[in-house]
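Peer 1: I would like the atomic coordinates for the input below:
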Amino acid sequence: MRRVGSLFWRLSEPSGPSSRLLALIDGARYLTLNKRLEEAGDSIRFHWLLSAGALDEISHAGPVLVEFPDSRSGLHGAFGNWLITRDQQAPMVSWLWSDQPFDVLRDYHQGLLFSQMPDGRRALFRYYSPEVRRALDKVISPSQIQQLMRHVQDWLVWQPLQGCYLSYGVEQVGEQHV
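Peer 2: Got it, this is the predicted structure:
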């Protein structure tokens, strides 16, 4: 992991221009999120990851994947500005850079939501939460981290005490340093 000052640092990298920015947002933490997503209109694309399943009725309390199609030129508009500001006040967004199609990312991240417990029960795996993501490198194996990072070139979470983003790039999988 490394510390970076901007969500958009990746655009200066050689592989950066083909990537676009997405956000995995914990819907339970933002009471006005659904309204703001709807108001953003065509400037974003989004999907509630708990929808179309047994938990569809409470899908807005779970994670939502948001794509910013024009993110190569930065985040413009009220929703992008609100989300960055809100995330820096109370981090609940995992920012992802990927060159994969939205549908591939949606299906993949939906498939990661539940984990099989030793007793056979299924439990929600809150990998999308910045608090959880910061701890994962210490509690799961490098191969599990690789699985989590599949389709993602860079995973950023806001680090409030340091005033920067922690970047978990795919090239850093398996590294154990700060």
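Peer 1: So which elements touch the host helix or strand of residue 105?
Peer 2: Secondary structure assigned from DSSP states H and E places residue 105 in helix 102-111. The contact analysis (3 or more Cβ pairs under 8 Å, 6 or more residues apart in numbering; DSSP states H and E) places helix 102-111 against strand 20-26, strand 45-48, strand 63-68. C-betas here are computed from N, CA, C, even on glycine.
Peer 1: For residue 138, which of those is the nearest?
Peer 2: Nearest of these to residue 138, taken as Cβ to Cβ: strand 20-26 at 20.1 Å.
Peer 1: Starting from the closest one, tell me the next helix or strand along the chain.
Peer 2: helix 33-40.
Peer 1: Residue 45 - nearest residue in space that isn't next to it in sequence?
Peer 2: Leaving aside its sequence neighbours, residue 45 sits nearest to residue 67 (Cβ to Cβ, 6 or more residues apart in numbering; 4.4 Å).
Peer 1: re the thing from before, so for residue 156, which of the helices and strands packed on helix 102-111 sits nearest?
Peer 2: Evaluated over those, closeness to residue 156 peaks at strand 20-26, with 9.2 Å, by Cβ to Cβ.
Peer 1: Now do that closest one and helix 102-111, the angle between them.
Peer 2: 30 degrees (axes from the mean of the first three to the mean of the last three Cα atoms, to 10 degrees).
Peer 1: quick one: strand 20-26 to helix 33-40, angle?
Peer 2: Put simply, strand 20-26 runs at 150 degrees to helix 33-40, going by the same axes, to 10 degrees.
Peer 1: So what are the sheet partners of strand 20-26 and their directions?
Peer 2: strand 63-68 (antiparallel), strand 93-98 (antiparallel) (DSSP bridges).
Peer 1: Other residues contacting the first one?
Peer 2: Around strand 63-68, the neighbours that count as contacts under Cβ atoms under 8 Å, 6 or more residues apart in numbering are 20-27, 33, 37, 43-50, 75, 80, 83, 102, 105-106, 109, 113, 128.
Peer 1: For whichever helix or strand comes after that strand, output the C-alpha coordinates as PDB.
Peer 2: The C-terminal neighbour of strand 63-68 among helices and strands, as given by DSSP H and E, is helix 78-89. The C-alpha coordinates for helix 78-89 follow below in PDB (Å, rounded to 0.1, in the frame of the first residue of the first chain):
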ATOM      1  CA  ALA A  78     -22.900  17.900  -7.600                       C
ATOM      2  CA  PHE A  79     -22.900  14.200  -6.900                       C
ATOM      3  CA  GLY A  80     -19.200  13.700  -7.400                       C
ATOM      4  CA  ASN A  81     -18.300  16.800  -5.400                       C
ATOM      5  CA  TRP A  82     -20.700  15.800  -2.600                       C
ATOM      6  CA  LEU A  83     -19.400  12.200  -2.500                       C
ATOM      7  CA  ILE A  84     -15.700  13.200  -2.200                       C
ATOM      8  CA  THR A  85     -16.500  15.800   0.500                       C
ATOM      9  CA  ARG A  86     -18.700  13.400   2.400                       C
ATOM     10  CA  ASP A  87     -16.200  10.600   2.200                       C
ATOM     11  CA  GLN A  88     -13.400  12.800   3.600                       C
ATOM     12  CA  GLN A  89     -15.600  13.700   6.500                       C
END
